[in-house]
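Participant: give me a 3D structure for the following:
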Amino acid sequence: MSATHHPVVSREQWLQARKQHLIHEKAFTRHRDQLSAERRALPWVKIDKPYQFQGPNGPLSLAELFGSHSQLLVYHFMFGAGWKEGCKGCSFLADHFDGANQHLTHHDVALVAVSHAPYAAFQAFRQRMGWHFDWYSSAGDDFNQDFGVSLSDEQLAQGTASYNYEQASGDERELPGLSVFYRNQQGDIFHTYSTYARGLDLLLGAYNFLDLTPKGRNEEQIMDWVRHHDRYEEAPKGQSDSCCGDA
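Facilitator: Sure, this is the predicted structure:
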């Protein structure tokens, strides 16, 4: 329904419609709680592979990405070798990280980003964006491929590339995602969950605000209006390519 051609009613009629909608909102909240419980109940996979990452002080293991925490969120940030800047959609999402980290770090959760490009390749872009969250490189390691966010030319040519648990469409080599890990008191690490494409909506606080407004997300394609936050005056709405999938 268009925001410019919308029914206008009395306060009493509005209140009646709002109470009816509240019934659906509460049902959605209960269903979301159920889905979250199901997510936490999923089986885990023990990680035995010695993944290695690069950070500001040299190589790190997966265990070191946890810091002192038992839970680790890894955002698979689209920044490939040879790129000058990161994906617009990933950057939109990453703009939310520093605020969240002020609280997550006090609730036994580490939130970091990992990209396929060499560590030095994204430092200028990180400085430009003004971000402070931990961001590591998986260059030369299988981590991105094993977690389904870096696809090879061979996989794409043979039609064996997979993204979001189904055959990949398109020809993108780097894709977004989030993977979750748990470390027990013995130091064992487990992969507990990964999500991709529209599953990443949960991380986008700005979308939640937009969903409350009369015009909603107001986009013809996913994130077609999104820019790097320092470039919103450079191009009109509708001249941005999407990088985060449809479902």
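
Participant: helix, strand, or coil at residue 90?
Facilitator: helix (DSSP: H, G, I helix; E, B strand; the rest coil).

Participant: quick check: it touching residue 83?
Facilitator: No: the criterion here is CB atoms under 8 Å, and residue 90 misses it with residue 83 at 11.1 Å. For every residue, glycine as well, the C-beta is placed using N, CA and C.

Participant: so between those two, which is more surrounded?
Facilitator: Each of residue 90 and residue 83 had its neighbours counted (other CB atoms under 10 Å), and the higher figure belongs to residue 90 (23 against 16).

Participant: okay, that one and residue 114: tell me how far apart.
Facilitator: To residue 114, residue 90 is 11 Å away according to CB to CB, to the nearest Å.

Participant: got a list of contacts for the helix or strand bottoming out on mean pLDDT in the chain?
Facilitator: Of all helical and strand segments in the chain, the minimum by mean pLDDT, DSSP states H and E falls on helix 153-158, at a mean of 85. By CB atoms under 8 Å, 6 or more residues apart in numbering, the residues outside helix 153-158 that reach it are 161, 168, 171, 173.

Participant: export the residues you listed to JSON lines and append columns for secondary structure, distance to residue 150 and pLDDT.
Facilitator: Shown next, in JSON lines, are the contacts of helix 153-158 (DSSP: H, G, I helix; E, B strand; the rest coil; distance: CB to CB, whole Å; pLDDT from 0 to 100):
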{"residue": "161", "secondary structure": "coil", "distance to residue 150": "10", "pLDDT": "87"}
{"residue": "168", "secondary structure": "coil", "distance to residue 150": "11", "pLDDT": "87"}
{"residue": "171", "secondary structure": "coil", "distance to residue 150": "13", "pLDDT": "80"}
{"residue": "173", "secondary structure": "coil", "distance to residue 150": "6", "pLDDT": "91"}
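
Participant: among the residues you listed, which two are most distant?
Facilitator: 168 and 173 (10.1 Å; CB to CB).

Participant: overlap in contacts, those two.
Facilitator: Residues touching both residue 168 and residue 173 (CB under 8 Å, 6+ apart) are 151, 156.

Participant: so how far is the helix or strand residue 19 falls within off the chain centroid?
Facilitator: Remark: residue 19 resides in helix 11-40, with elements defined by DSSP states H and E. Relative to its chain's centre, helix 11-40 lies at 25 Å (CA atoms, centre = their mean, to the nearest Å).
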